[in-house]
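Chemist: here is my input, please return the structure:
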Amino acid sequence: MSIKTIILAAGQGTRMRSSRSKVLHEIANKALLHHVYDTSLELENNKVFIIYGHGGETVKQTLNHFDATWIEQKQQLGTGHAVQQAIHHVEDADTVLILYGDVPLLKSQTLKTLLQDVSSQSLALLTVVLDDPTGYGRIVRNADGAVTKIVEQKDANPSELLINEGNTGILACKGKQLIEWLGRLSNNNAQNEYYLTDIIEMAVADGLSIKTTQASSQDEVLGVNNRNQLAHLERVYQQQQAYSLMEKGVTLRDPNRIDVRGEFAELGQDIDVDVNVIFEGVNRIGSNVKIGANCIIKNATIAEHVEILANSLIEDAVVGANSRIGPYARLRPQTELADHVHIGNFVEIKKSTVASGSKINHLSYVGDSEVGSKVNIGAGTITCNYDGVNKFKTIIGDGAFIGSDSQLIAPVVIGKNATIGAGSTITKDTPADQLTLSRAKQVSIATWQRPVKKEK
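Modeler: Modelled structure (predicted):
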């Protein structure tokens, strides 16, 4: 079966009250349209067409990496008119699927079920049963249960308003029939627009059956029209991610207080995640990892038996096995820690490697550095790697001990098993196995008196 998916993404979204196109607003750091596109990619033998609106070039530019054909709808004259913009790409034998760029939580399995009902004798329609169908077009059926038409709420009579099966707008049919029906659409209505839903009555009149598939919930087919709906679907999506993690063996201290804004390329067993943790990008988490509250983990590789204490930020970094990070630690991009490394409170590491067994436990900055194994870096140590224009490297040999409040001014090499005395400013390479320090001479002045406040 050859599928042509037409995604309607031309709406202005005025109720969002935003200068940004509605379909570019995000759930889990991914545009609404991106969610819909990714779902469509799960269908085999599928070609995607995206209808974007006048002035919507930003949508196309932002998502131009999509393997899709972009078609501009210069005037917004209704959903039927939007589909007409792509109809010259449709062949008679195609199965055409109509989706919406602001319906982000639609499941691919729902679409696969829907598509199974498409034939030359049937149109497939996705509907949803609602406790409160207000605002939805009602699915009208005859005494035999067959769909006869869709009635918009403003046109519905009292008995039709009692119907709780609503129209999602998502449908699929054969290309030959769609081409014919679109050619017969009329804008003879209060809005002077061409409604795609009018093809339902055309299909019935032509003797086709309307086969319906039910969405699993209203949230699956809910479109985003305002910020409240956006926030609601964000929470729905995050709840889905939380349940998925728990099914895979992850302990979440509170499933309602976790955000997954990306994916896991690897996920071990017995991972324990405290509250308010945010995962972004693509992460790899090994087994027996414990992550404290309020951490942000982004594009990180965390090996097994790692403990990340509260309020730590790890971004584009690698953490080796049996290491301990935080609390309040920051690992910046291109940081690579070997096994059994300790990075403590208020320590920042950037574009550096730290070998096995080393410790940087307090209030330090290490950037553009190579730190050897079993190094101990004292509190308040900084590598001065930037002269205002260029970056330079600091190399610290195995077994070195760096005293507190030291400044290592790059480029500089600290020798193997060297000791740097506390409070030193190191501007030259230091030899191995020796103590190096640089301090002003300490002076005590016996005759000095503390100032006193003068009487007025």
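
Chemist: contacts, neighbours, all on C-alpha from now
Modeler: OK.

Chemist: tell me the domain ranges of the chain?
Modeler: Per automatic domain parsing, the domain ranges recorded for the chain read 3-221, 227-436.

Chemist: to Lys456, which of the ones you listed lies closest?
Modeler: Lys456 lies closest to domain 227-436 among the domains of the chain, at 41.8 Å (Cα to Cα).

Chemist: rounded mean pLDDT for that closest one, please.
Modeler: Per-region confidence: domain 227-436 scores 97 on mean pLDDT.

Chemist: likewise stretch 48-55?
Modeler: Here the average pLDDT along stretch 48-55 is 89.

Chemist: other residues contacting it?
Modeler: Contacts to stretch 48-55, defined as Cα atoms under 8 Å, 6 or more residues apart in numbering, come from residues 4-12, 40, 59-60, 67-76, 82-83, 85-86.

Chemist: same thing but 7 Å
Modeler: 4-11, 68-75, 82 (Cα atoms under 7 Å, 6 or more residues apart in numbering).

Chemist: kindly report the same for stretch 26-46.
Modeler: Residues contacting stretch 26-46 (Cα under 7 Å, 6+ apart): 2-5, 23-25, 101-104, 107-108, 234, 260-261.

Chemist: go again with 8 Å.
Modeler: Here stretch 26-46 makes contact (Cα under 8 Å, 6+ apart) with 1-5, 9, 23-25, 48, 63, 99-108, 112, 230, 233-234, 237-238, 259-262.

Chemist: of the residues you listed, buried ones?
Modeler: 3-5, 9, 23-25, 48, 99-108, 230, 233-234, 237-238, 259-262 (16 or more other Cα atoms under 10 Å).

Chemist: where's Val319 relative to Gly262, distance?
Modeler: 19 Å (Cα to Cα, to the nearest Å).

Chemist: and if you look at His232?
Modeler: 18 Å.

Chemist: what do you get for Lys248?
Modeler: 16 Å.

Chemist: for Gln269, same thing?
Modeler: In terms of Cα to Cα, Gln269 sits 19 Å off from Gly262.

Chemist: same check, this time on Leu309
Modeler: 22 Å.

Chemist: endpoints of stretch 413-422, how far apart?
Modeler: Stretch 413-422 end-to-end distance (Cα to Cα) = 17 Å.

Chemist: give me the contacts around that stretch.
Modeler: 394-406, 428-438.

Chemist: what of stretch 169-177?
Modeler: Stretch 169-177 is contacted by residues 90-100, 114-115, 118-120, 122-127, 197 when judged by Cα under 8 Å, 6+ apart.

Chemist: contacts only, for the closest residue to Ile98 other than its chain neighbours.
Modeler: Closest residue to Ile98 apart from its sequence neighbours, by Cα to Cα, 6 or more residues apart in numbering: Ile6 at 5.1 Å. By Cα under 8 Å, 6+ apart, Ile6 lies in contact with Val48, Phe49, Ile50, Ile51, Val83, Ala86, Val96, Leu97, Ile98, Leu99.

Chemist: and the host helix or strand of Ile6, which strands flank it?
Modeler: Assignment of secondary structure by DSSP states H and E places Ile6 within strand 3-9. Paired with strand 3-9 in the same sheet, following DSSP bridges, are strand 46-53 (parallel), strand 95-100 (parallel).

Chemist: which one of the ones you listed is the most hemmed in?
Modeler: strand 95-100 (a mean of 24; mean count of other Cα atoms under 10 Å).

Chemist: next secondary structure element downstream of that strand?
Modeler: helix 108-115.

Chemist: ok, Gly326 to Glu348 distance?
Modeler: Look at Gly326 and Glu348: by Cα to Cα, they are 10 Å apart.

Chemist: before we move on, the earlier item: pipe the strands paired with strand 3-9 into TSV and attach distance to Ser19 per row.
Modeler: Below are the strands paired with strand 3-9 laid out as TSV (distance: least, Cα to Cα, whole Å):
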stretch	distance to Ser19
strand 46-53	14
strand 95-100	20
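
Chemist: of all the ones you listed, which lies closest to Ser356?
Modeler: Between Ser356 and those, the shortest gap by Cα to Cα is with strand 46-53, which sits at 49.5 Å.

Chemist: I would like the residues contacting the lengthiest helix in the chain, please.
Modeler: For the chain, the helix with the greatest residue count under DSSP state H is helix 227-247. Helix 227-247 is contacted by residues 16, 27-28, 105, 219, 223-224, 251-252, 255-256, 258-260 when judged by Cα under 8 Å, 6+ apart.

Chemist: against Glu201, how distant is Leu182?
Modeler: Distance from Leu182 to Glu201, by Cα to Cα: 12 Å.

Chemist: okay, the two: which has more neighbours?
Modeler: Leu182 (20 against 17; other Cα atoms under 10 Å).

Chemist: what angle separates the helix or strand hosting the more buried one from strand 95-100?
Modeler: Using DSSP H and E, Leu182 falls within helix 175-183. Calculated by axes from the mean of the first three to the mean of the last three Cα atoms, to 10 degrees, helix 175-183 forms an angle of 50 degrees with strand 95-100.

Chemist: and the pLDDT for Asn188?
Modeler: Listed pLDDT for Asn188 reads 83.

Chemist: go on, the one 3 residues further on?
Modeler: Confidence at Gln191, expressed as pLDDT, is 76.

Chemist: sec struct for it, please.
Modeler: coil (DSSP: H, G, I helix; E, B strand; the rest coil).
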